[in-house]
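Asks: generate coordinates for the sequence data below:
(one chain, ligands or ions: 2)
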Amino acid sequence: MKVDWLIVGAGFTGAVLAERIASQLNQKVLLVDKRNHIGGNAHDYYDEHGVLVHQYGPHIFHTHMKTVWDYLSQFTQWHPYAHHVLAVIDGQQVPLPFNFNTLYQLFPAAYAKSLEQQLLDTFGFGEKTPILKLREQSSGDLKFLADYIYENVFHRYTKKQWNLTPEELGKGVTGRVPIYLSRDNRYFQDPYQGLPQHGYTALFQRLLAHPNIRLLLNTDYHDIAREIECQGLVYTGCIDTFFSYRHGALPYRSLDFKFFHQQGNKQSVATVNYPNDFDYTRITEFKHMTGQRHHGTTWVEEYPQAYQRGKNDPYYPIPQEKHRQLYKKYLADAQLIENKVLFAGRLGDYQYYNMDQAVARALHLFDKQINAIKNSAK
Ligand code: FAD
Ligand code: UDP
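Replies: Numbering: from 1, shown residues only. Ligands and ions are numbered 1, 2, ... in the order given. Here you go, the predicted structure:
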């Protein structure tokens, strides 16, 4: 078969590139995914009870990039939603990111006030301080507080999630949930936040509705590669798989998702984190996020696991320096063939991208490489 472009992976990265190439270059795209659905890890569906659920765990769209928000807004309206997370600490459910409300809930008022003042004097109002930075405090009350937050919020959760300590990972990992010197309980502070009004799958259906796009599901690229003739290939699967693991396998972290349903409601907010108990990290009840009205409710528990090729899915690249070095060997290989194959996405770039970052990367790749090459060839 002959096509202009073959794109591997129908997640945000692959779908956005397919849409851009189809609509802006008027070229034919074959989009393949080995799964039986579009949307990649953002895929959602109505379960057997009629509740809209996210198959691969809670996905909340949030971004500071107006370009990304405006681009996606061509394909969906938004259900306005700001994510709220509670963490179970010392038997209480307290707001996360750790902020002044959390402080006052966990400590007697006079002591909380003193800690609040010391935090303000040291860092300033509105600052976001990663736990590993707060832990640089070497003495006094702030050292006590840093150790308390580290032990109760981060240490055991991170061991569960990654089987590593916060120090063994890139600082950016626990830095995603910094101590927030404010009274703002929202998990994200981005100016644009929400969920696609009719779900992610509906958004992807609209992205891919262009007549120049042909979709092939249940199809692994490696099984059809020889049969397709194309002028360009975009690959959003694991970069080490593409190169047959020639430098060794890159490690990933996986999850097992367990879904449950009951009548009524389960919890007071969308997500409750369990840093200190159970084998799962968090429970997410979808109705709170989607705004769906339903007499029943469905929630998901996330159980972190080692990634085992062929047995489960590679959800997270593992942000450690030694893996970055290994990835750089694959990147060098990729650069040698970049006039034929472009790598992108969480797995193709081996980067802990959020959805907006995956979309931004795809838009940038289109503008700077695909469209630019096309224009220079004119
Ligand atoms: P993916 O969505 O992983 O898509 C890649 C696709 O490629 C997959 O469908 C896969 O089947 C396919 N593929 C791979 N190899 C092949 C092959 N050989 N042949 C054919 N097809 C192949 N981001 C947020 O912004 N907010 C959140 O709240 C959020 N929550 C998350 C929660 C969890 C539990 C996880 C795991 C991720 C979360 N993310 C969140 C991140 C988000 O899922 C990613 O940013 C996004 O999915 C990246 O899109 P992608 O297209 O790069 O990759
Ligand atoms: N984290 C933690 N305790 C929490 C929440 C987060 O230790 O209650 C750490 C943990 O290492 C986690 C990281 O912060 O992997 C990033 O959290 P986030 O909620 O962004 O994770 P994701 O949604 O990407 O799984």
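Asks: is ligand 1 within reach of stretch 347-357?
Replies: Yes: contact between stretch 347-357 and ligand 1, assessed by Cβ under 6 Å from any ligand atom, occurs at 347, 353-356. For the C-beta atoms, the positions are set from N, CA and C on the backbone; glycine is no exception.
Asks: what two of those are the furthest from one another?
Replies: Leu347 and Asp356 (17.0 Å; Cβ to Cβ).
Asks: of the two, which one has the most company?
Replies: Leu347 (30 against 20; other Cβ atoms under 10 Å).
Asks: what strand or helix carries the more buried one?
Replies: For Leu347, the host element (DSSP states H and E) is helix 345-348.
Asks: residue numbers of the stretch 151-300 of the chain in contact with ligand 1?
Replies: 220-222, 236-237, 255.
Asks: if you set the cut-off to 8 Å instead, what comes out?
Replies: Neighbours of ligand 1 within the stretch 151-300 of the chain, by Cβ under 8 Å from any ligand atom: 219-222, 235-238, 241-242, 255, 257.
Asks: quick one: least confident helix or strand in this structure?
Replies: Here the helix or strand of the chain ranked lowest by mean pLDDT, DSSP states H and E is helix 371-376, holding a mean of 70.
Asks: contacts for stretch 233-251, please.
Replies: 5-9, 11, 13-14, 17, 40, 221-222, 252, 307, 309, 314, 317-318, 323, 326-327, 329-331, 333-334, 340-350, 365 (Cβ atoms under 8 Å, 6 or more residues apart in numbering).
Asks: what's the neighbour count on the nearest residue to Ser23 once chain neighbours are set aside?
Replies: What sits nearest to Ser23 in space, not counting adjacent residues and going by Cβ to Cβ, 6 or more residues apart in numbering, is His210, at 5.6 Å. Here the number of neighbours of His210 (other Cβ under 10 Å) works out to 15.
Asks: quick one: buried residues of stretch 18-31?
Replies: 18-22, 25, 27-31 (16 or more other Cβ atoms under 10 Å).
Asks: of those residues, closest to Ile60?
Replies: Closest to Ile60, out of all of the buried residues of stretch 18-31 and judged by Cβ to Cβ, is Glu19, at 22.2 Å.
Asks: how about the nearest residue to that closest one, chain neighbours excluded?
Replies: Here the residue nearest Glu19, using Cβ to Cβ, 6+ apart, is Leu207, at 4.8 Å.
Asks: check contacts around that neighbour.
Replies: Leu207 makes contacts with 15-16, 18-19, 75, as judged by Cβ under 8 Å, 6+ apart.
Asks: so which of the residues of stretch 347-357 next to ligand 1 reach ligand 2?
Replies: Near ligand 2, by the rule Cβ under 8 Å from any ligand atom, you find Asn354 out of these.
Asks: ok, of the residues of stretch 347-357 next to ligand 1, which one's closest to Leu103?
Replies: Relative to Leu103, the closest of the residues of stretch 347-357 next to ligand 1 is Asn354; by Cβ to Cβ it sits at 27.2 Å.
Asks: excluding its backbone neighbours, what's nearest that closest one?
Replies: His62 (7.4 Å).
Asks: per-residue pLDDT, the residue in the stretch 251-378 of the chain that ligand 1 sits nearest to?
Replies: Residue nearest to ligand 1 within the stretch 251-378 of the chain: Gly345 (2.7 Å; Cβ to the nearest ligand atom). pLDDT recorded at Gly345 is 98.
Asks: pretty sure it contacts Gly11?
Replies: Yes: counting by Cβ atoms under 8 Å, Gly345 touches Gly11, with 6.5 Å between them.
Asks: now do the shared contacts for the two.
Replies: By Cβ under 8 Å, 6+ apart, Gly345 and Gly11 have these common neighbours: 236, 358.
Asks: more neighbours: those two, which one.
Replies: Gly345 (29 against 24).
Asks: list the contacts of that one.
Replies: 9, 11-14, 236, 353, 358, 361-362.
Asks: residues from the stretch 151-300 of the chain in reach of ligand 2?
Replies: Proximity of the stretch 151-300 of the chain to ligand 2, by Cβ under 8 Å from any ligand atom, involves residues 153-158, 161-162, 166, 169, 173-174, 176-177, 187, 273, 275, 281-282.
Asks: would you state the strands of the stretch 201-350 of the chain in chain order?
Replies: Assigned strands in the stretch 201-350 of the chain, in chain order: 213-216, 229-235, 252-263, 271-273, 282-285, 296-306, 316-317, 341-343 (criterion: DSSP state E, counting those that start in this stretch).
Asks: what sits up against the first one?
Replies: So the one you mean is strand 213-216. Residues from elsewhere that reach strand 213-216 (Cβ under 8 Å, 6+ apart): 3, 10, 18-19, 22, 28-33, 38, 208, 224.
Asks: how many neighbours does the closest residue to ligand 1 within the stretch 151-300 of the chain have?
Replies: Minimum separation of the stretch 151-300 of the chain from ligand 1 (Cβ to the nearest ligand atom) falls at Gly237, amounting to 2.5 Å. Using other Cβ under 10 Å, Gly237 has 22 other residues around it.
Asks: quick one: pLDDT of it?
Replies: On pLDDT, Gly237 comes in at 98.
Asks: what does Ser138 give?
Replies: Reported pLDDT for Ser138: 76.
Asks: can you tell me how far it sits from ligand 2?
Replies: 22 Å (Cβ to the nearest ligand atom, to the nearest Å).
Asks: could you do Leu72 as well?
Replies: In terms of Cβ to the nearest ligand atom, Leu72 sits 20 Å off from ligand 2.
Asks: let the chain start at 54 from now.
Replies: Done: numbering now begins at 54, and the last item shifts to Leu125.
Asks: ok, now which ones touch that residue?
Replies: Contacts of Leu125 by Cβ under 8 Å, 6+ apart are 114, 249, 256, 412.
Asks: recalculate using a threshold of 10 Å.
Replies: Applying Cβ atoms under 10 Å, 6 or more residues apart in numbering to Leu125 gives the contacts 65, 69, 114, 116, 131, 245, 247, 249, 256, 259-260, 408-409, 412.
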